[in-house]
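Engineer: just coords:
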């Protein structure tokens, strides 16, 4: 019966989020809907040691380069390469299955 | 029961696929105004208007969510300079107070001032950039500003601060006009960006 519930939930999620053409790309739709400016970021350090903003918003993941005011990569050394740090999964109450 | 559910799910998904396909086929036709004069150019595409997310440094990123996928990229101008709502320069050292003319040697008082600055700031790391006024050649100023930035960085390193990068921009990024003595003095500087 638990499996049935999950199937129904999955169906509901698919029905609300995957269907049709989402016209407004500036909001996160679905169960934890919000404007995208509300995202909570952490830092991912790439293999060269440079920082990227990483955001795990439940279903969506975002990654964007951290640049200084001159347009150069910021390589802060906040963590070793190939590490993600900070509260990047804290912006949503939807937990990751993985 | 499961068969029924699976069938329902499949039909919902199938319906969605049909809707999605319909959307692609009926995608908006854009006309490029620049090409309109020399004949029509038709672009088949979807309308993707981003919003702005501001990172903790205060810089903007383009962000979109089209249902399942999310997309993000830094908002830079056409020269590659990020669009930021505030700067992260946390210290501007007046070169006249640290160095003699044409020199990259820091006085004892200057060293003490710098050491105090780095000890009290306590950022994750620092980007140090040297700048000069426009007197002397561009090449000379690139070299002088780099040597001065390196001198500041070595004091920072002695206090245990982490240095992310050291650069010399010479006279290329003035903060004020080089036409006046006051402007030139403002341009002779070492800027410290604090990475939090």
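Structural biologist: That came in fine, so what should we check first? It should be emphasised that the depicted structure is a prediction, and the values quoted were computed from it without experimental measurement.

Engineer: and the helices in the chain, which stretches?
Structural biologist: You didn't say which chain, so I picked chain A. Secondary structure of chain A (DSSP state H): helices located at A:2-17.

Engineer: wrong one, chain B
Structural biologist: B:2-25, B:33-36, B:95-98, B:108-121, B:138-158, B:181-187.

Engineer: any idea how many residues pack against residue B:40?
Structural biologist: 8 (other Cβ atoms under 10 Å in any protein chain shown). (C-beta placed from N, C-alpha, C; glycine too.)

Engineer: worst average pLDDT in the helices of chain B?
Structural biologist: Looking over the helices of chain B, mean pLDDT reaches its minimum on helix B:2-25, with a mean of 43.

Engineer: list the contacts for the most centrally placed residue in chain B?
Structural biologist: By Cα atoms, centre = their mean, the mean C-alpha position of chain B lies nearest to residue B:82, the distance being 4.0 Å. Applying Cβ atoms under 8 Å, 6 or more residues apart in numbering or on different chains, one finds that residue B:82 lies in contact with A:67, A:68, A:69, A:71, B:59, B:60, B:74, B:75, B:76.

Engineer: repeat that for residue A:64.
Structural biologist: Contacts of residue A:64 by Cβ under 8 Å, 6+ apart are A:52, A:53, B:55, B:61, B:63, B:72, B:73, B:74.

Engineer: ok, now with 7 Å
Structural biologist: Counting by Cβ atoms under 7 Å, 6 or more residues apart in numbering or on different chains, residue A:64 touches A:52, A:53, B:61, B:72, B:73, B:74.

Engineer: hey, what's the last one bridged with?
Structural biologist: On the basis of DSSP bridges, residue B:74 takes part in beta bridges with residue B:61.

Engineer: tell me who's in contact with it.
Structural biologist: Contacts of residue B:74 (Cβ under 7 Å, 6+ apart): A:64, A:65, A:67, B:59, B:61, B:82.

Engineer: in TSV, list these along with pLDDT and distance to residue B:164.
Structural biologist: Listed next are these as TSV, based on pLDDT from 0 to 100; distance: Cβ to Cβ, whole Å:
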residue	pLDDT	distance to residue B:164
A:64	96	18
A:65	97	14
A:67	97	12
B:59	96	16
B:61	97	20
B:82	97	16
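
Engineer: so how do I select the buried members of the contacts of residue A:64 in ChimeraX?
Structural biologist: Buried members of these, defined by 16 or more other Cβ atoms under 10 Å in any protein chain shown, are picked up in ChimeraX with:
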select /A:52,53 /B:61,72,74
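
Engineer: make JSON lines from the contacts of residue A:64 and add distance to residue B:125 to it.
Structural biologist: Output for the contacts of residue A:64, formatted as JSON lines (distance: Cβ to Cβ, whole Å):
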{"residue": "A:52", "distance to residue B:125": "16"}
{"residue": "A:53", "distance to residue B:125": "16"}
{"residue": "B:61", "distance to residue B:125": "21"}
{"residue": "B:72", "distance to residue B:125": "24"}
{"residue": "B:73", "distance to residue B:125": "24"}
{"residue": "B:74", "distance to residue B:125": "20"}
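
Engineer: tell me the predicted confidence for residue 54.
Structural biologist: Just so you know, I chose chain A. Reading off the model, residue A:54 has pLDDT 94.

Engineer: correction: the question concerned chain B.
Structural biologist: 95.

Engineer: my guess is it contacts residue B:83, does it?
Structural biologist: No - with contact defined as Cβ atoms under 7 Å, residue B:54 does not count as touching residue B:83 (9.8 Å).

Engineer: list residues touching both of the two?
Structural biologist: With Cβ under 7 Å, 6+ apart, residue B:54 and residue B:83 have common neighbours residue B:60.

Engineer: could you check the pLDDT of residue 62?
Structural biologist: All of this refers to chain A. 93.

Engineer: wait, chain B was what I had in mind.
Structural biologist: 97.

Engineer: so what's it closest to, chain neighbours aside?
Structural biologist: residue B:50 (4.0 Å; Cβ to Cβ, 6 or more residues apart in numbering or on different chains).

Engineer: hmm, that neighbour is touching residue B:61, no?
Structural biologist: No - contact criterion Cβ under 7 Å: residue B:50 and residue B:61 do not qualify, at 8.7 Å.

Engineer: please name the bridge partners of the closest residue in space to residue B:143 that isn't next to it in sequence.
Structural biologist: Nearest non-adjacent residue to residue B:143, counting by Cβ to Cβ, 6+ apart: residue B:168, 7.0 Å away. For residue B:168, the beta-bridge partners are residue B:130 (DSSP bridges).

Engineer: burial check on residue B:168, number of neighbours?
Structural biologist: 21.
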